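Undergrad: this one's structure only:
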């Protein structure tokens, strides 16, 4: 199982001081957070992609390429890559390039963005959101798997004998997760291709997450990729910890109460009860995270949102120390218990290369 | 047979709730078989509805109410008139539903007010709202001003509207036409309620090959 963090990349004033980081500070902070993730033994860093203030990460492969150069083991991912408004040809090339630079430590999560106007900004029509996700990904899937592609579709100019370059590292495409909160079409798409399904459950009650994951698992089995239990599932989570849980609540409350996403709404207590948000001791975070398995089954990737609500960098780095030292080692151990042997590990480039070679040998034999 | 009343009345007791209860009793009397009657009091859900806007998901009580409304065989919706329209709370509840959640569902619209001068609120505010939601709105809406509770005519309007709603509910008995003016057209145009794409019934999934094929077409 893989553990990591995902960042939205918002520039939010610290509500306790009123101080707002500059874009440069926020971008550098994201890099510092990624480096810290590797240092404390996490497996994955994923960045969002946004094209509007107050968000900074509009150019994910630039940032991930820079982080790749400064890390050794960390898997670099996205949360999410806009499969609707990016040209699939450019995604194919950008991420294949990143794959080479990062020695295969790359995967992606496809999504449809967080704001309607992003469609017209990139010359697309929001009413075609799902159709764009379907057609663009179908093309991207081919561009990474076929050296020469001739293609015609509804949403971009046709391709004649086109080869996207560079070709994927070792001839193996980056693994793809499809992220969705409430669209069953996307769970269906992930299942169809045998790709991963990431349910970003951070603002949703457990019963909704359960239904979406069940749908994906059922359809994954339907398409013959394996049993429902073998489908590749990722989940989100968000936490704030201090050794003493009262300290965590006291320190985090002003951030919660003023956060752009959940501030000025329900109480911290109601929100923690109904969603994966955990504010408390590392032990409480462990218990809450382990409970995800009860409704999502044995899963492959757990990403935490840590740098949110205007928390200062210093605090986020302290949080990552706690996550890496006290939480994740226990989670690794506990999640491994009673995990059926035929439930696959989280995908890595090395494992995918090995699987591709094995398949080739079988077909040659 | 599930009959659900949505009442946006705020006071206790409330004339809006009273009108909802009268309409429910009249409707229940006209459908055959057991009637499972649920009343959704929006007053009790006001905070969760507001939180749904800020959080993006419904709390537990609101979620249960949404399940009731989207699985109803017939729906009676009643609002007080505030500032010449439905109340903000009433509109907010329907704003948090999926836009397809009421498609094909029979709905009886009703409102209460201090004066009869606002009675057309049914036609200029409620009916367009439920038309947008693609509900099947019965021809007779019922408006009750304060004075109507002590005057003749309200009981007949309640009966007529209830008959029209019952006729649209599965296994409903056609509305008798006690008055020449009552719209028996409503009883002829029986539209069976579609199974909701609602939460209780699970997801509706288009197989992926079909999605791909639709794009190639």
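TA: Cool, got the structure. This one's a predicted model, so the numbers in the text were calculated from it and none came from an experiment.

Undergrad: going forward, measure contacts between C-alpha atoms and count neighbours the same way
TA: Fine.

Undergrad: so the residue in the stretch 201-350 of chain A that chain B sits nearest to, which of the three states?
TA: Closest residue of the stretch 201-350 of chain A to chain B, C-alpha to the nearest C-alpha: residue A:265 (5.5 Å). Each residue gets one of three states, and residue A:265 gets coil by DSSP: H, G, I helix; E, B strand; the rest coil.

Undergrad: so what's it up against?
TA: Residue A:265 makes contact with A:257, B:50-51, B:54-55, according to C-alpha atoms under 8 Å, 6 or more residues apart in numbering or on different chains.

Undergrad: rerun at 6 Å
TA: B:51, B:54 (C-alpha atoms under 6 Å, 6 or more residues apart in numbering or on different chains).

Undergrad: quick one: pLDDT of it?
TA: For residue A:265, the pLDDT comes out at 80.

Undergrad: swap in the one 3 residues further on?
TA: For residue A:268, the pLDDT comes out at 92.

Undergrad: distance-wise, check the nearest residue to residue A:8 once chain neighbours are set aside relative to chain B.
TA: In this structure, residue A:8 finds its nearest non-sequential neighbour in residue A:48, 4.9 Å apart by C-alpha to C-alpha, 6 or more residues apart in numbering or on different chains. Note on residue A:48: its distance to chain B, by C-alpha to the nearest C-alpha, to the nearest Å, is 20 Å.

Undergrad: wait, residue A:48 sits on residue A:77?
TA: No - Residue A:48 lies out of contact with residue A:77 (C-alpha atoms under 6 Å); the separation is 9.0 Å.

Undergrad: what's the distance between residue B:114 and residue B:157?
TA: 18 Å (C-alpha to C-alpha, to the nearest Å).

Undergrad: er, residue A:57 I mean
TA: Where residue B:157 is concerned, residue A:57 sits at a distance of 60 Å (C-alpha to C-alpha).

Undergrad: who has more neighbours, the two?
TA: A direct count of neighbours by other C-alpha atoms under 10 Å in any protein chain shown for residue A:57 and residue B:157 places residue A:57 higher, at 24 against 18.

Undergrad: OK, contacts around the spatially closest residue to that one that is not a sequence neighbour?
TA: With C-alpha to C-alpha, 6+ apart as the criterion, residue A:57 has its nearest non-adjacent residue at 5.4 Å, and that residue is residue A:49. Applying C-alpha under 6 Å, 6+ apart, we find residue A:49 in contact with A:57-58, A:80-81.

Undergrad: ok but residue A:49 is inside a helix, no?
TA: No - secondary structure of residue A:49 (three-state DSSP): coil, not part of a helix.

Undergrad: tell me, how many residues neighbour residue 133?
TA: In the absence of a named chain, chain A is used. Neighbours of residue A:133 under the rule other C-alpha under 10 Å: 23.

Undergrad: you looked at the wrong chain, it should be chain B
TA: Residue B:133 has 19 neighbours, counted by other C-alpha under 10 Å.

Undergrad: ditto for the one 3 residues further on
TA: Taking other C-alpha under 10 Å as the neighbour definition, residue B:136 ends up with a count of 24.

Undergrad: just the pLDDT for the residue nearest to it when sequence neighbours are not counted.
TA: Nearest-residue entry for residue B:136: residue B:106, 4.7 Å, with adjacent residues in sequence omitted and distances by C-alpha to C-alpha, 6+ apart. Note on residue B:106: pLDDT of 98.

Undergrad: tell me who's in contact with residue B:106.
TA: With the criterion set at C-alpha under 6 Å, 6+ apart, residue B:106 makes contact with B:74, B:136-137.

Undergrad: near residue 22, how many other residues are there?
TA: As the question left the chain open, I've gone with chain A. 13.

Undergrad: wait, chain B was what I had in mind.
TA: The burial count for residue B:22: 16, using other C-alpha under 10 Å.

Undergrad: how about the secondary structure of it?
TA: Once three-state DSSP is applied, residue B:22 turns out helix.

Undergrad: chain neighbours aside, what residue packs nearest to the residue most central in space within chain A?
TA: Among the residues of chain A, the one closest to the centroid is residue A:79, at 4.0 Å (C-alpha atoms, centre = their mean). If the residues on either side of it in the chain are set aside, residue A:79 comes closest to residue A:48, at 4.4 Å by C-alpha to C-alpha, 6+ apart.

Undergrad: cool, and residue A:94?
TA: residue A:61 (6.7 Å).

Undergrad: pLDDT value on residue 82, please?
TA: By default, I'm working from chain A. Per the predicted model, pLDDT is 96 at residue A:82.

Undergrad: sorry, should have said chain B
TA: 97.

Undergrad: now do the helices in chain B.
TA: Taking DSSP state H as the test, the helices found in chain B are B:15-28, B:42-55, B:60-70, B:88-96, B:121, B:127-132, B:154-168, B:185-188, B:208-216.

Undergrad: and if you look at chain A?
TA: Using DSSP H, helices in chain A cover A:23-39, A:60-69, A:88-101, A:118-121, A:129-145, A:184-193, A:206-222, A:245-258, A:268-274, A:282-296, A:313-322, A:328-336, A:349-364.

Undergrad: so what touches the third one?
TA: In other words, helix A:88-101. Residues outside helix A:88-101 that contact it (C-alpha under 6 Å, 6+ apart) are A:106, A:136, A:140, A:165, A:168-169.

Undergrad: mind running it again at 7 Å?
TA: Contacts of helix A:88-101 with the rest of the structure, by C-alpha atoms under 7 Å, 6 or more residues apart in numbering or on different chains, involve A:61, A:65, A:105-106, A:136-137, A:139-140, A:143-144, A:164-169.

Undergrad: got the contact list for residue B:58?
TA: Shown in contact with residue B:58 (C-alpha under 7 Å, 6+ apart): B:48, B:52.

Undergrad: repeat the analysis, applying 10 Å as the threshold.
TA: Contact criterion C-alpha atoms under 10 Å, 6 or more residues apart in numbering or on different chains gives A:204-205, A:274, B:48-52, B:64-66, B:96-97 as the residues in contact with residue B:58.

Undergrad: for residue B:5, same thing?
TA: Applying C-alpha under 10 Å, 6+ apart, the residues near residue B:5 are B:17, B:20-21, B:23-24, B:37-41, B:68-69, B:72, B:74-78, B:107-108.

Undergrad: no further questions, thank you.
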